[in-house]
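> Need a 3D model of the sequence below.
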Amino acid sequence: MSEIPDISVNLRDDAPDPGTDERFMRVALDLAHLAFEADEVPVGAVVVHGGRIIGRGFNQRQTLKDPTAHAEMIALSAAAESVGDWRLERCTLYVTLEPCPMCAGAIVLARVPRLVFGTADLKGGACGSLYSIPTDPRLNHRVETVSGVLRDDCAAVLRAFFGRQRSLGKK
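Just a heads-up that it's a prediction; the model follows:
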């Protein structure tokens, strides 16, 4: 796995507010830009516990030749390693793009209580767009979900990436 730079902030996350959400989303956006530079779909994610980032990730599917190397999966794994437990209770996951079904399932399984994402994924989103996995009452854990934090900035990096891909004739 590629080394992820320590892009950290140390903020309190006890009482989430829009300002706190925006600050942590900006860190996730910085990671999305690293993915862009690596020619990966530009999605970044951070896991926050007690105001501290304990896990970070950006998409690395191409780099690692791994279909599961999504930003959220990498950030969740790093956070679990950081706390020494797969249960990420009292954490918030910030991600620039609405999670897919795989990532939404992992968020539920990790017992993350709060998810904040930037822009919706109308073609593959599983947190309100196509499916609502984190809030499905049939599951044993539900996740408070906040959408639209820095929506325009998160969408802009994706538009720029896919525009570049199209201009280069890539899929």
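> any idea how far Leu150 is from Val41?
Using C-beta to C-beta, to the nearest Å, one obtains 17 Å as the distance from Val41 to Leu150. In short, each C-beta sits where N, CA and C put it, glycine included.
> now Pro99
According to C-beta to C-beta, Pro99 and Leu150 sit 16 Å apart.
> between these two, which one's more packed in?
Between Pro99 and Leu150, counted using other C-beta atoms under 10 Å, the more crowded position is Pro99 (30 against 21).
> what residues are up against the more buried one?
Listed by C-beta atoms under 8 Å, 6 or more residues apart in numbering, the contact set of Pro99 reads 70, 72, 107, 115, 117, 121, 125-127.
> 10 Å instead, please
43, 45, 70-73, 93, 105-107, 115, 117, 121, 124-128, 133-134, 143, 145 (C-beta atoms under 10 Å, 6 or more residues apart in numbering).
> Among the residues you listed, name the ones in strands.
When strands are assigned by DSSP state E, the members of the contacts of Pro99 inside them are 45, 93, 115, 117, 145.
> so which of the residues you listed comes closest to Ala79?
When those are ranked by distance to Ala79 (C-beta to C-beta), Leu93 comes first, at 8.3 Å.
> Right, I'll leave it there.
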